[in-house]
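Engineer: give me a model of this one.
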Amino acid sequence: MKKKIKKNIGKLHLWLGLGSGLIIFIAALTGSILVFEKEIDKAINPEYYNVSTIGNSKKTIDYCVDILQKQYAIKKITRIYTFNDPSRTIQILGKDPDKKAHFFSIDPYTGKVLATTPQESRFFVVVLSIHRQLLLGESGEIIMGTSCLIFTFMLISGLILWWPKKAKNLKQRLKVKWSGSFKRVNWDFHSTFGFYGFLILLIISLTGLSFAFTWFQNGVYFLTQGTTKKPSAKVENPTKIDPKLNTTAFYQGIYNKADSIFPYTGNIQIRMPADTINSILVLKENIEMTIPNQSSAAYFDKYTAENIEARPYEKFSTGDKIRRLNYPIHTGSIYGLPTKIIAFLVCLFAATLPITGFIIWLGRKKKK
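Structural biologist: Numbering: from 1, shown residues only. Presented below is the predicted three-dimensional model:
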């Protein structure tokens, strides 16, 4: 009975692997590149990250926004990124009259625009779109999500197929026989390193499922809180009509208030609502914490810049805290460079699995 079950698992492992192999290869390869997204982008495009000279005082955020509106005809600001590091630039995402998004890097000491590019043409924006959607939008997202689900099964079924019948054969399964034939080395490489990378790949796959499927994310909330109900990430704007207030420090005022509400050292991100209903969301990341992505949230009126609500990270639910850990765990950035290197190497290995698996299938087919 056990032999029959294992045989059926083997067939599923084979045919699901052949069917999803190309997608898994693309996901793993782009994932390995995205692990070092910030480091690579900073090396290639330093003008988007650092100023050449640190000045004595910074221009207001509104001054920088005004430059974009006058010189680049930006009509709508969507996001503003500010950093505690004095050598960092201000990064602003805005839309032109044709509603095309542009990414800007600005010297906070002079207000000078150091670099700009269409958001959709940024290298890592394209790589991320391939990784999540295959550049196919919603349908591509379903394909990638399903492939991630299949890969999770492939990992578990692979472990079952790898597990030796007898304990005395375990030593042999734990090493690659490099002196063997190509066929043997290929099989050992696929199965043995698959075992060593199993746990990390499983974690990456499960966190990937949280991005792909709402039902999986709801399951995490249910397991941690006993309910799938979670607080909304959006807060409705209390002021319904723009009172046309004469303020020259709108964005800077929001920044100052958020910085005061959460009195720790951190980077601040201002997100303008995409619709006409909700308010402005401001996130302040606590850079003093060891684990990244621990940000508190504050909401501001998009017309008056008054604070509506503050949500300190400490008061987030267990489900919310786990959800915020999802990204650093998935990308390997949770403990900095050491875990990034591990994630990078494991993702590169995952990209070889469809290839070595295909070679194993070809060898068996030829033998038959």
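Engineer: can you give me the strands in the chain?
Structural biologist: 76-82, 90-95, 101-106, 113-118, 266-271, 280-286, 295-300, 307-311 (DSSP state E).
Engineer: mean neighbour count and mean pLDDT for those strands - can I get that in TSV?
Structural biologist: For the C-beta atoms, the positions are set from N, CA and C on the backbone; glycine is no exception. Supplementary listing: the strands of the chain in TSV, determined by neighbours: other C-beta atoms under 10 Å; pLDDT from 0 to 100:
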stretch	mean neighbour count	mean pLDDT
strand 76-82	19	97
strand 90-95	20	98
strand 101-106	22	98
strand 113-118	16	97
strand 266-271	20	97
strand 280-286	22	96
strand 295-300	23	97
strand 307-311	16	96
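Engineer: reformat these as a markdown table; add distance to residue 45.
Structural biologist: Shown next, in a markdown table, are those (distance: least, C-beta to C-beta, whole Å):
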| stretch | distance to residue 45 |
| --- | --- |
| strand 76-82 | 14 |
| strand 90-95 | 11 |
| strand 101-106 | 8 |
| strand 113-118 | 7 |
| strand 266-271 | 19 |
| strand 280-286 | 22 |
| strand 295-300 | 24 |
| strand 307-311 | 33 |
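Engineer: of all those, which one comes closest to residue 153?
Structural biologist: Closest of these to residue 153 is strand 295-300, at 33.6 Å (criterion: C-beta to C-beta).
Engineer: list the contacts for residue 47?
Structural biologist: 89, 105, 114, 115 (C-beta atoms under 8 Å, 6 or more residues apart in numbering).
Engineer: next one: the second one from residue 123, what distance?
Structural biologist: Distance, residue 105 to residue 123, by C-beta to C-beta, to the nearest Å: 15 Å.
Engineer: next: the last one.
Structural biologist: According to C-beta to C-beta, residue 115 and residue 123 sit 13 Å apart.
Engineer: what about the helices in the protein?
Structural biologist: For the chain, helices defined by DSSP state H occupy the ranges 2-35, 37-44, 61-71, 123-133, 137-162, 170-173, 182-196, 198-212, 214-225, 250-261, 318-331, 337-367.
Engineer: got those as a markdown table, with distance to residue 273, mean pLDDT and mean neighbour count columns?
Structural biologist: Below are the helices of the chain laid out as a markdown table (distance: least, C-beta to C-beta, whole Å; pLDDT from 0 to 100; neighbours: other C-beta atoms under 10 Å):
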| stretch | distance to residue 273 | mean pLDDT | mean neighbour count |
| --- | --- | --- | --- |
| helix 2-35 | 27 | 94 | 16 |
| helix 37-44 | 26 | 96 | 13 |
| helix 61-71 | 16 | 96 | 18 |
| helix 123-133 | 21 | 96 | 17 |
| helix 137-162 | 22 | 95 | 17 |
| helix 170-173 | 55 | 84 | 11 |
| helix 182-196 | 45 | 94 | 17 |
| helix 198-212 | 22 | 96 | 19 |
| helix 214-225 | 21 | 88 | 15 |
| helix 250-261 | 13 | 97 | 19 |
| helix 318-331 | 20 | 92 | 18 |
| helix 337-367 | 33 | 92 | 16 |
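Engineer: now those helices in JSON lines, with distance to residue 311?
Structural biologist: As requested, the helices of the chain are exported to JSON lines (distance: least, C-beta to C-beta, whole Å):
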{"stretch": "helix 2-35", "distance to residue 311": "28"}
{"stretch": "helix 37-44", "distance to residue 311": "26"}
{"stretch": "helix 61-71", "distance to residue 311": "22"}
{"stretch": "helix 123-133", "distance to residue 311": "27"}
{"stretch": "helix 137-162", "distance to residue 311": "28"}
{"stretch": "helix 170-173", "distance to residue 311": "49"}
{"stretch": "helix 182-196", "distance to residue 311": "41"}
{"stretch": "helix 198-212", "distance to residue 311": "21"}
{"stretch": "helix 214-225", "distance to residue 311": "16"}
{"stretch": "helix 250-261", "distance to residue 311": "10"}
{"stretch": "helix 318-331", "distance to residue 311": "9"}
{"stretch": "helix 337-367", "distance to residue 311": "28"}
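Engineer: hmm, who's touching stretch 109-121?
Structural biologist: In contact with stretch 109-121 (C-beta under 8 Å, 6+ apart) are residues 45, 47-48, 51, 53-59, 63-64, 67-68, 71-72, 89, 93, 100-107, 125-126.
Engineer: please save the CA atoms from it in PDB.
Structural biologist: Coordinates of the C-alpha atoms in stretch 109-121 are reproduced here as PDB (Å, rounded to 0.1, in the frame of the first residue of the first chain):
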ATOM      1  CA  TYR A 109      19.500  70.200   0.500                       C
ATOM      2  CA  THR A 110      19.100  72.100  -2.800                       C
ATOM      3  CA  GLY A 111      15.800  70.800  -4.200                       C
ATOM      4  CA  LYS A 112      17.600  69.800  -7.400                       C
ATOM      5  CA  VAL A 113      16.200  66.900  -9.300                       C
ATOM      6  CA  LEU A 114      19.100  64.400  -9.600                       C
ATOM      7  CA  ALA A 115      17.400  61.800 -11.700                       C
ATOM      8  CA  THR A 116      14.100  60.800 -13.200                       C
ATOM      9  CA  THR A 117      12.700  57.800 -15.100                       C
ATOM     10  CA  PRO A 118       9.300  56.400 -16.000                       C
ATOM     11  CA  GLN A 119       8.200  54.100 -13.200                       C
ATOM     12  CA  GLU A 120       7.200  51.200 -15.500                       C
ATOM     13  CA  SER A 121      10.600  51.200 -17.200                       C
END
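Engineer: what about that stretch, distance to the chain center?
Structural biologist: 23 Å (C-alpha atoms, centre = their mean, to the nearest Å).
Engineer: residue contacts, the closest residue to residue 331 other than its chain neighbours?
Structural biologist: Closest residue to residue 331 apart from its sequence neighbours, by C-beta to C-beta, 6 or more residues apart in numbering: residue 35 at 5.9 Å. Residues in contact with residue 35 (C-beta under 8 Å, 6+ apart) are 331, 332, 333, 340, 343, 344, 347.
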